[in-house]
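Visitor: test case, fold it:
(one chain, ligands or ions: 1)
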Amino acid sequence: MSSEAAPLPALPFGIRIAGTGSAVPDQVLTNRDFEKIVDTSDEWIFQRTGIRERRVCDPLKEGTFTLSRDAVARALEAAKMKASELDFIICATCTSEMGCPSTSCRIAGALGAAPAAAFDLVAACSGFVYALNVGESLVRAGRAKNVAVVGCDALSGHVDYCERTVSILFGDAAGAAILTRDTDTTKGCIYQSMGADGSNWHSLYIPRRPQEVAECDRNNGIRLGFLQMDGREVFKFAVTKFREVIEDAMAKTGLKVDDIGQVICHQSNARIIEAAREKIGFRHDQVYVNIDRFGNSSAGSVGLCFDQLMQAGKIQPGKPIIFVAFGGGLTWASSVWRI
Ligand code: UT7
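Guide: Got it, this is the predicted structure:
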């Protein structure tokens with residue numbers, strides 16, 4: 001079951017997205033580069049995924065911590081807010097460098113956010129939207145005034161570049177947003193949903209020890225420490241879930257296709273996005289796609305898209321936007337906002 005619910009009750013205050021920020025590594029890995037590593041082609045990758053290139057970290061100087069720290073720093077700058085004004089930092093990631101401390105605590109330390117509470121959240125590709133919903137709930141409940149949420153994954157350190165089906169999909173990125181309590185009651189989240197189905201966890205997972213290899217993968221020559229994915233299963237799940245989650249959000253809020261300003265969605269595969277766009281009837285300009293340049297950056301993708309849209313002035317005040325994501329877990333989430 002998911003926590004899909006009725007539209008959120010009106011509040012005596014608004015919740016404003018005060019600023020956004022993002023960070024990607026400089027290093028570009030193109031489809032042509034993959035042609036030199038595995039038996040593949042630019043044509044195959046582009047036709048099956050919509051990807052031309054992705055950004056990957058230089059492991060000696062960057063990773064989940066540096067990308068998410070930089071994204072939060074940029075979001076704070078856009079919000080004209082100091083880190084010391086934050087009440088919470090929530091980092092959604094499944095590629096934290098350390099088990100302890102959390103990446104959020106390291107961000108807080110680096111930016112000077114003490115004594116803000118800081119914790120990580122793992123929801124794979126749904127991470128940014130989960131963090132947005134949790135952050136919004138903290139402000140809504142009166143527990144916080146200012147919350148930084150960031151989604152970041154650096155899966156380049158967790159994919160086997162000798163394996164052609166998984167490695168071509170992923171890139172590294174971080175996207176952040178600052179949520180703040182505001183007197184303008186027209187701004188805020190009007191609906192959110194989150195859900196998970198752990199029975200299919202083995203469709204997308206990173207086993208670290210032999211006993212974590214799923215029964216169905218026992219004879220598949222799994223390399224420990226690397227992302228395992230049943231591409232076809234995830235594809236089927238994503239195509240169905242993407243559409244269901246958007247249709248649920250629209251039905252519960254009464255919003256029609258033309259009411260929506262932007263659908264800001266997880267960049268899983270261009271074919272998955274296009275199938276949902278076409279079925280629901282969104283125009284191309286309502287559904288932002290950057291997977292051609294950044295690949296699938298897991299928890300980083302939705303926040304990265306949001307920041308790029310904000311920078312380009314493509315988010316119109318008053319027109320609702322829908323954030324939507326789905327991925328490992330398996331998990332899914334939506335969040336509908338008036339900005
Ligand atoms: O963020 C959420 C996480 N993941 C996703 O959203 C991924 C969802 N799944 C997908 O995007 C697709 O399943 C993939 C892009 C990963 C794969 O595309 P597909 O159309 O499902 O390909 P497939 O796995 O069914 O493989 C078709 C053929 C196979 O060859 P045979 O058995 O038909 O001879 C593969 O060996 O394509 C072959 N193949 C490749 N060929 C060239 C697989 N990867 C490659 C490759 N280059 N990189």
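Visitor: once you drop chain neighbours, what's closest to the closest residue to the ligand within the stretch 101-250 of the chain?
Guide: Taking C-beta to the nearest ligand atom, the ligand has its nearest neighbour within the stretch 101-250 of the chain at Gly231, 2.8 Å off. Yep, even glycine has a C-beta here, placed from its N, CA and C like the rest. Among residues not flanking Gly231 along the chain, Thr165 sits closest, at 5.5 Å (C-beta to C-beta, 6 or more residues apart in numbering).
Visitor: neighbours of the one you found, just the number please.
Guide: Neighbour count of Thr165, defined by other C-beta atoms under 10 Å: 13.
Visitor: pretty sure Ala78 sits in a helix.
Guide: Yes - according to DSSP: H, G, I helix; E, B strand; the rest coil, Ala78 belongs to a helix.
Visitor: pretty sure it contacts Gly21?
Guide: Yes - counting by C-beta atoms under 8 Å, Ala78 touches Gly21, with 6.0 Å between them.
Visitor: the more surrounded of these two?
Guide: Between Ala78 and Gly21, Gly21 has the larger neighbour count (other C-beta under 10 Å), namely 27 against 19.
Visitor: pretty sure the more buried one sits in a strand.
Guide: Yes - if the criterion is three-state DSSP, then Gly21 is within a strand.
Visitor: name the residues of stretch 285-293 that come out as buried.
Guide: Buried residues in stretch 285-293, counted by 16 or more other C-beta atoms under 10 Å: 286-288, 290-291, 293.
Visitor: same list, those, but as JSON lines with secondary structure and distance to Pro59 please.
Guide: What follows is the buried residues of stretch 285-293, written out as JSON lines (DSSP: H, G, I helix; E, B strand; the rest coil; distance: C-beta to C-beta, whole Å):
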{"residue": "Gln286", "secondary structure": "helix", "distance to Pro59": "37"}
{"residue": "Val287", "secondary structure": "strand", "distance to Pro59": "33"}
{"residue": "Tyr288", "secondary structure": "coil", "distance to Pro59": "29"}
{"residue": "Asn290", "secondary structure": "coil", "distance to Pro59": "24"}
{"residue": "Ile291", "secondary structure": "helix", "distance to Pro59": "23"}
{"residue": "Arg293", "secondary structure": "helix", "distance to Pro59": "22"}
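Visitor: got these as a markdown table, with distance to the ligand and pLDDT columns?
Guide: Converted to a markdown table, those look like this (distance: C-beta to the nearest ligand atom, whole Å; pLDDT from 0 to 100):
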| residue | distance to the ligand | pLDDT |
| --- | --- | --- |
| Gln286 | 21 | 97 |
| Val287 | 16 | 97 |
| Tyr288 | 16 | 97 |
| Asn290 | 14 | 98 |
| Ile291 | 10 | 98 |
| Arg293 | 16 | 98 |
